[in-house]
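Let me see the structure of the following:
(one chain, ligands or ions: 1)
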Amino acid sequence: MNKILGVVAASASALFLFASTAAQAASCDPGKPGADLSFEEAQKVYDCLKADLYAGYQKGKKRWIPVEHVKDYRDWTPVSTVPAAPGFHGGRFLFTYVNEVGAAEYLKYAEENVKMPAGTLIAKESFAVTDKGKVKRGPLFFMQKTAAGKSPETNDWYYYAVAPNGSPMGVPVVKACHQCHAENFGDRDGLGYPVEEARITK
Ligand code: HEC
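Below is the predicted model:
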């Protein structure tokens, strides 16, 4: 693990763990720690959890979060082959979808000079598997590229997240989201990308 990602790890676990909720479908539990799951086993958990995860995100009022994005994201282009855990996230698995405006650009996984088009929407589902092998649903994270100049302090990205029970998560987005994306992935327009083994490449 390099130094930057070490720092990422420390703050990421602090942010992401507070919003986990035990999955209702106990039968999705793989019975072994998340860190030990193969891609195939992680996919099995996701298949089992998929409907429950989506249903949870839909519950209740979304307030400042555009409800249609929460409803529609599963129709966007998946950019991961399997739910995968970035090494430094321990047992947290992520699965990312990008809307039509941004999919082609995102799927290049370019390392520099990336400029995502205004109107790009990215959604990232998450779940965790504890050291005891229990599944916990995680937040649904969004990034939305605004028109140029609309949000200069976040490089024209809006960030928001929905908790597993459907509540919008009140987080200070510059500190809690943008700083990490900008500092670590500045040349890539703030994009983190899934781990390489889980990327869809065309
Ligand atoms: C400590 C660093 C860190 C923080 C804080 C963070 N992220 Fe991320 N984010 C990442 C990394 C690393 C990835 C790529 C990992 C992956 O998708 O497998 C990522 C990926 C994403 C993606 C998928 C698009 C992409 O970059 O490839 C979205 C959407 C996202 N984050 C939203 C958010 C939101 C919203 C917040 C604040 C609530 C947030 N992130 C906070 C590190 C962070």
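
list the contacts for residue 29?
Residue 29 makes contact with 23, 129, 133-135, according to Cβ atoms under 8 Å, 6 or more residues apart in numbering. Yep, even glycine has a C-beta here, placed from its N, CA and C like the rest.

wait, which of those is closest to the ligand?
residue 129 (15.2 Å; Cβ to the nearest ligand atom).

picking up where we left off before, and which of the contacts of residue 29 is nearest to residue 41?
residue 129 (9.1 Å; Cβ to Cβ).

what about the closest one, neighbour count?
28 (other Cβ atoms under 10 Å).

swap in residue 73?
21.

mind checking the backbone torsions on it?
In terms of degrees, to the nearest 10, the main-chain angles of residue 73 are phi -60, psi -30.

Please name the nearest non-neighbouring residue to it.
Nearest residue to residue 73, sequence neighbours excluded (Cβ to Cβ, 6 or more residues apart in numbering): residue 123, at 3.8 Å.

List the beta-bridge partners for that neighbour.
Per DSSP bridges, the residues bridged to residue 123 are residue 97, residue 142.

still on that earlier bit, buried only: go through the contacts of residue 29 for me.
Buried by 16 or more other Cβ atoms under 10 Å: 23, 129, 133-135, out of those.

got CSV for the residues you listed, with pLDDT, secondary structure and distance to the ligand too?
Converted to CSV, the buried ones among the contacts of residue 29 look like this (pLDDT from 0 to 100; DSSP: H, G, I helix; E, B strand; the rest coil; distance: Cβ to the nearest ligand atom, whole Å):
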residue, pLDDT, secondary structure, distance to the ligand
23, 50, coil, 20
129, 93, strand, 15
133, 93, coil, 22
134, 94, coil, 21
135, 95, strand, 18
